[in-house]
Each structure stands twice: as C-alpha cells, then as structure tokens.
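# missing the sequence, but the structure's below:
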C-alpha cells in the first residue's frame, strides 16, 4: 500500500513538473546575455560616427548632435532634414569620409505608402524613397539634399567608403510581376554630391518578404566588395563586386540564416564581424512557415529569438557562431554594430521585444573583440546573465 501511495505521489509530482516546464516554454519572459557582454549605457541607438576631435556624432529627426562622454549626454541638435524615422531601424546611416565630409543616406518617410493587392499578389501603391544629404562643415550646415532612388525601398544595412575613396551604400527595391524584392548598390566618387546605381541582383521569389533584400556590405582585403543578402532560402546569399558598380559573382554563402537581416562590419583589426539571427535557435529546429500567403513563395524560418556573432579573417571563412543574447518567445533582430574604439564593439538590436512584436525591451550591448576570438569563444552555453 505504502509503495503504491509513494508511486502515485511521484507520478503526480512528475506531472506537475512537466506542466510547469511546458508553461515556461510557452510563456517565457527572461532574457539571457553572454557573460562577456555588458549593458551599454547610452541614450541613442545610432547610427554613429567619430569626429576628428574624438566626439561621437549621431542624427535623428531632431538633427545632428555630438557627445563627448561616450553617448551619455548630447549637444543641442542642428536640424538636418525632414523625413527621418528614428523608430524604424536600419532606415538611415551616417558616414564621415576621409575628406571630412558627412554623408547621410536615409529612407524618406514623407509620403511613405505601402499597399499589397491580395487578389493579384502584387504591390499596390507603394512609396518609400532613398535620399541623401551631406555636410561640408562638420554638421553645422547641410546641403545637396537629393533623391537617389524612387519607388519603394525598405531597410538597408551599411554605408562605407572603400580604400579607393568610393562611397557605397547597399539598397533593396520592390518590383512587380511577380512582386518581390531585389538588391543593388549606389556609389559616389565625389563624397556624396552625385550618385550612380549598380546592376540589380534578382534571386526570384514572390511576396512582399521574398527575393533578395536587406543587404549588408563590407570591403574585402583585396579591395573587392562583399554583400550578404537576406533571403528566405535558409542562408545569406553573397554577391561580390570589383568596385561596387557591377555585381558579377552571386551565389549562396556558407552562413545559415533565418529570413532576417544581419550586420557586417570590417573592424580596425582587419577582421570582419557579423551579427545576425541564425536559421535555428541553439539546440532545436525552428518551424518554417509563411505568416501569410503574400509573405513569400515558400515557407521560411522567421527565427529571431537569438542574436549570434561570428568573426572572419577574409569575409568567407567564419568562426563558430556564438549566441550573445537570447529572448525566448520574443525577438532580438535588425542589429546595428559600431566600433567606437579599436576592439570595442557596440551591438544594438533595432527590434527587441519580450513577446514576438509586443512589450519592447531595448538591448544595447558592449563587448570586446578579444573576448570572442580564438580559443576563448566557448559559445553561449556558459551560465551568462539573466534579466
């Protein structure tokens, strides 16, 4: 009798534990951060550039501001332009060229329109133009405000100057018949005064979240340019150009990725860092879906619960990815990466929510390059920090 009672109690306890475990998976709320990261105490989300006197500069809808205490306080803004939307990540970038010209390339949200014809599964009346503006006097005044790409052009990831002096920005563009996204670059040889477009990169697909989109860019050691392109095909595709004018080599990369963008940056050390959402979370497979029949032609992974980081010496062979932050049941995505000083990285999630797209919970991290390269990178199975 006692044995049966004891067995019954054990079975009951096991059922309770199983129920509690199941509930915690369905309704998680905590956040895990890699132990080598620390929370970044900064009031802005970027983009940032360093000025000749060491000041940190940024732009938002109020204007251009400077900070002399690593972003804790900011100067009164100098108005730059209308149309900026700081709430939308990856919608504008700031660059200081070697001639000390400041260039801002931005999505102009004035007159922004988006509609999708569900009957035809094609774009309707859509508009989100790309504009640029520049300053020749350190941000005091701004000039040459101009549209560089009309139509509908969502988020993009990067604005660089090559060793040869060319300024290059990667962009995406919505096209029809069938409705999908394609990629190109715009380039300037006169510090942003005039711009020209490259050829289009078209990977096919059908849907308002399908095709080739949300590219990120870096210059390779030999002077060529590399694009890593978001797709719904389980990995980034890569495109290589001699100079940013023509993209001749277009192929799948070796980097698995969900249908989410990444941020690629060449560091002062010469290494490359990539921050992105992998195809699957660590230890499990993320179910592929189509959120609606109009998102994509094929089901894709929409995993955004973990931000991972990897390094490369050449832009092609990558270190084992390390999870730097995890938000179970929520999302950490659309990353921005900035190097305020050699070997110091700021990683800011453009979208950070406790649940899917609900309950915003910002994520701004600082980490050291040296802590994540070589034998030290032990992955995200360390105890870490919970919030």
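Alright, I've got the coordinates. Note that the structure is a prediction, hence the values are computed from the model and not measured.

# neighbours of residue 87, just the number please.
11 (other CB atoms under 10 Å). Any C-beta I mention is one placed from the backbone N, CA and C, and that applies to glycine too.

# swap that for residue 147, sorry
A count of neighbours around residue 147, defined by other CB under 10 Å, yields 11.

# what residues are up against it?
For residue 147, the contacting residues are 108, 129-131, by CB atoms under 8 Å, 6 or more residues apart in numbering.

# quick one: low-confidence parts of this protein?
1-29, 374-387 (pLDDT under 70).

# Tell me where it has helices.
2-26 (DSSP state H).

# and of the contacts of residue 147, the nearest to residue 146?
Using CB to CB, residue 131 is the member of those that lies nearest residue 146, at 6.4 Å.

# What distance do you get for the closest one to residue 118?
Distance, residue 131 to residue 118, using CB to CB, to the nearest Å: 30 Å.

# What is the burial count for residue 337?
By other CB under 10 Å, the residues close to residue 337 number 22.

# let's number from 227 now, not from 1
Shifting the count to begin at 227 puts that one at residue 563.

# Correct me if wrong: it contacts residue 491.
Yes. Assessed by CB atoms under 8 Å, residue 563 is found in contact with residue 491 at 4.8 Å.

# mind listing what residue 390 touches?
449, 469.

# neighbours around residue 493, how many?
Using other CB under 10 Å, residue 493 has 17 other residues around it.

# Please state the offset of stretch 394-401 from the chain centre?
Put simply, stretch 394-401 sits 14 Å off its chain's centre (CA atoms, centre = their mean, to the nearest Å).

# hang on, I meant stretch 361-370
With CA atoms, centre = their mean, you get 27 Å for stretch 361-370.

# That stretch: which residues count as buried?
361-362, 364-365, 368 (16 or more other CB atoms under 10 Å).

# how far away is residue 256 from residue 585?
Note on residue 256: its distance to residue 585, by CB to CB, is 13 Å.

# Same question for residue 465.
For residue 465 relative to residue 585 (CB to CB), the value is 37 Å.

# Looking at these two, which one has more neighbours?
Between residue 465 and residue 585, counted using other CB under 10 Å, the more crowded position is residue 465 (26 against 11).

# which residues does the more buried one contact?
So, once contact is read as CB under 8 Å, 6+ apart, residue 465 ends up touching 409, 427, 441, 452-453, 455, 473, 475-476.

# among those, who's most crowded?
Within the contacts of residue 465, neighbour counts (other CB under 10 Å) peak at residue 455, which reaches 32 neighbours.

# Please look at that one and residue 473 and confirm they touch.
No. With contacts counted by CB under 8 Å, residue 455 stays clear of residue 473, the gap being 9.9 Å.

# Now the common contact residues for those two.
Here residue 455 and residue 473 share the contacting residues 427, 465, scored by CB under 8 Å, 6+ apart.

# Top of the contacts of residue 373 by number of neighbours, please.
For those, the largest number of neighbours (other CB under 10 Å) sits with residue 356, at 24 neighbours.

# For residue 537, which non-adjacent residue is spatially closest?
Nearest residue to residue 537, sequence neighbours excluded (CB to CB, 6 or more residues apart in numbering): residue 545, at 4.7 Å.

# er, residue 505 actually
With CB to CB, 6+ apart as the measure, residue 482 is the residue that lies nearest to residue 505, at 4.1 Å, once sequence neighbours are left out.

# Check residue 571 too.
For residue 571, the spatially nearest residue (CB to CB, 6+ apart) is residue 593, at 5.3 Å.

# biggest separation within the buried residues of stretch 361-370, which pair?
Maximum pairwise distance among these (CB to CB): 11.0 Å, between 364 and 368.

# Overlap in contacts, those two.
Counting by CB under 8 Å, 6+ apart, residue 364 and residue 368 have no contacts in common.
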